[in-house]
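Participant: Just need the structure, nothing else, for what follows:
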Amino acid sequence: MTRFSTAAAALALGLLFSGCNAVMAAAQSPDSSYVAARHGKPQHLATEPMTITTAKGPVKFTMQVAADEASREVGLMFVKKMGDREGMIFDFPNAGEQAFWMHGTHIALDIIYVAPDGRVLSIAKRAKPYDETPLPSRGSARAVVEINAGLSDKLGIAPGDKVCEAKIFRCR
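Facilitator: Below you'll find the predicted structure:
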């Protein structure tokens, strides 16, 4: 999954704050294409356990942690298969509006935006492979979780559910 560049996001916000009717159309940062194309294979990051507490009960995952700009930009690009209890969590040190797209991503995903308090803010369900349509968080997100498409419905994950991940959202 590729995240929009900071410069593109700042431009979009600048247009909005200047009173223009802007449609958010951010470009991919020049570095992300280079990094992904140079490797042409999935990245393998450190993993952390993560639990989402739903109305149906807790759901446990093992998440790769994308904690820096380079790993966030590559995300799950080039991944061709992922287990139902696997995924990636994108750690943003500063909460804010996030927008993801599926550039270079081979598998369909559910994209879960997580508020600073660890609650599920919104979910972009069944994001299509290679689609470059922006999928916004619709609020300030501290983290973003990506899992296989359809799992949020299957497991009962919904806005308001609580995310617990060892490094980002302290588990109690």
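Participant: At the geometric centre of this protein, which residue sits there?
Facilitator: Nearest to the geometric centre of the chain sits residue 144, at 3.6 Å (C-alpha atoms, centre = their mean).
Participant: All the strands of the chain, in order from the start?
Facilitator: Along the chain, counting by DSSP state E, strands occupy 2-3, 47-54, 57-66, 86-101, 109-114, 120-127, 135-148, 162-165.
Participant: Deepest-packed of these, please.
Facilitator: Across the strands of the chain, the average number of neighbours (mean count of other C-beta atoms under 10 Å) peaks for strand 109-114, which reaches a mean of 26. Bear in mind the C-beta positions are built from the backbone N, C-alpha and C, glycine included.
Participant: can I get the CA coordinates of that one in CSV?
Facilitator: What follows is strand 109-114, C-alpha atoms only, in CSV (Å, rounded to 0.1, in the frame of the first residue of the first chain):
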residue,chain,number,x,y,z
LEU,A,109,-7.3,-5.1,1.3
ASP,A,110,-9.5,-3.7,4.1
ILE,A,111,-7.8,-0.5,5.3
ILE,A,112,-8.6,0.3,8.9
TYR,A,113,-7.9,3.9,10.1
VAL,A,114,-7.2,4.1,13.9
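Participant: Scan the helices and strands of the protein for the one with the lowest mean pLDDT.
Facilitator: The weakest-scoring helix or strand in the chain, judged by mean pLDDT, DSSP states H and E, is helix 6-17 (a mean of 38).
Participant: The residue nearest to the centre of the chain reaches residue 112, doesn't it?
Facilitator: Yes - when contacts are counted by C-beta atoms under 8 Å, residue 144 is listed as touching residue 112 (6.9 Å).
Participant: Tell me where this protein is predicted with low confidence.
Facilitator: Residue ranges of the chain with pLDDT under 70: 1-39, 172.
Participant: Let's see that with 90 instead.
Facilitator: 1-41, 165-172 (pLDDT under 90).
Participant: Distance check, the residue nearest to the centre of the chain against residue 108.
Facilitator: 16 Å (C-beta to C-beta, to the nearest Å).
Participant: same deal with residue 146?
Facilitator: In this structure, residue 146 and residue 108 are 10 Å apart, going by C-beta to C-beta.
Participant: Show me the beta-bridge partners of the nearest residue to residue 85 once chain neighbours are set aside.
Facilitator: In space, and not counting its chain neighbours, residue 85 is closest to residue 61: 5.1 Å by C-beta to C-beta, 6 or more residues apart in numbering. Beta-bridge pairing of residue 61 under DSSP bridges involves residue 50.
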